[in-house]
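> Using only what follows, build the 3D model:
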Amino acid sequence: EQVRGIARELASAVRSGGLALFMGAGTGIAAGLPGWDELVEKIAAELGLDHSAEQWKDLGPLDAAEVLRRTTERIPGEPQKSLGDHVKKLVGDQPRYALLHLLLASLRVQEAITTNFDRLYEHAVADIEGRRPLVLVPEKDPSQVARVGEAQWLLKLHGDVEN
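Numbers count the residues shown, from 1 in each chain. Presented below is the predicted three-dimensional model:
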């Protein structure tokens with residue numbers, strides 16, 4: 001009965017527009033995207049780093065990303081490829097979202113926040129609403145923030161696959 005009560009409260013919050021979504025790294029895994037550890041491991045392998053080494057185990061996610069970013073800046077004799085280029089190659093702009101993305105989009109919330117780079121939630125919203133949510137990316141054009149009250153929006157805390 002307690003769970004049903006919580007479900008009723010959540011449903012009421014959705015109906016009244018009082019619910020904001022927060023999506024983390026696991027959201028895209030069901031759609032076939034790599035989780036953070038797998039992403040770091042694949043990029044490390046592309047850069048010729050031994051990800052199985054003991055020192056990786058002591059690094060937090062942001063520190064691991066910083067090691068990869070710095071490494072991409074030091075590859076001699078190769079065209080400069082940023083960490084973002086490596087992420088884009090692995091995450092891409094695949095349009096196939098998971099059932100979870102569709103279920104979250106069907107809530108039709110005004111506000112959503114994610115730590116993900118992918119565009120799967122945006123694709124799901126577009127299929128339900130007929131248009132993508134306004135995407136806000138830190139360090140992007142601040143004039144977009146003025147439009148937040150006008151439309152559904154998605155704040156991408158760590159940037160977008162293109163940015």
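> Tell me the spacing between the residue most central in space within the chain and Lys57.
For the chain, Asn116 is the residue whose C-alpha lies nearest the centre (Cα atoms, centre = their mean; 0.9 Å). Note on Asn116: its distance to Lys57, by Cβ to Cβ, to the nearest Å, is 24 Å. All C-beta spots, glycine's among them, are computed from the backbone N, C-alpha and C.
> what are the ranges of the helices in this protein?
Listed in chain order, the helices of the chain (DSSP state H) span residues 2-16, 36-46, 54-57, 61-72, 83-91, 99-105, 120-129.
> Need the winner for burial among those.
helix 120-129 (a mean of 21; mean count of other Cβ atoms under 10 Å).
> Alpha carbons of it, as CSV, please.
What follows is helix 120-129, C-alpha atoms only, in CSV (Å, rounded to 0.1, in the frame of the first residue of the first chain):
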residue,chain,number,x,y,z
LEU,A,120,17.9,9.3,-27.5
TYR,A,121,15.6,11.0,-25.1
GLU,A,122,15.2,13.9,-27.6
HIS,A,123,14.3,11.4,-30.4
ALA,A,124,11.7,9.8,-28.1
VAL,A,125,10.2,13.2,-27.2
ALA,A,126,10.1,14.1,-30.9
ASP,A,127,8.2,10.9,-31.8
ILE,A,128,5.6,11.6,-29.1
GLU,A,129,5.3,15.4,-29.2
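> Just the CA atoms of stretch 32-46, as PDB, please.
What follows is stretch 32-46 as a C-alpha-only set of coordinates in PDB (Å, rounded to 0.1, in the frame of the first residue of the first chain):
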ATOM      1  CA  GLY A  32      23.100  -0.400 -26.800                       C
ATOM      2  CA  LEU A  33      25.200   2.500 -25.800                       C
ATOM      3  CA  PRO A  34      28.300   1.900 -23.600                       C
ATOM      4  CA  GLY A  35      28.200   2.700 -19.900                       C
ATOM      5  CA  TRP A  36      30.800   5.100 -18.500                       C
ATOM      6  CA  ASP A  37      33.400   2.400 -17.700                       C
ATOM      7  CA  GLU A  38      33.000   0.800 -21.000                       C
ATOM      8  CA  LEU A  39      33.300   4.100 -22.800                       C
ATOM      9  CA  VAL A  40      36.500   5.000 -20.900                       C
ATOM     10  CA  GLU A  41      37.900   1.500 -21.600                       C
ATOM     11  CA  LYS A  42      37.200   1.800 -25.400                       C
ATOM     12  CA  ILE A  43      38.700   5.200 -25.700                       C
ATOM     13  CA  ALA A  44      41.700   4.200 -23.700                       C
ATOM     14  CA  ALA A  45      42.200   1.300 -26.000                       C
ATOM     15  CA  GLU A  46      41.900   3.600 -29.100                       C
END
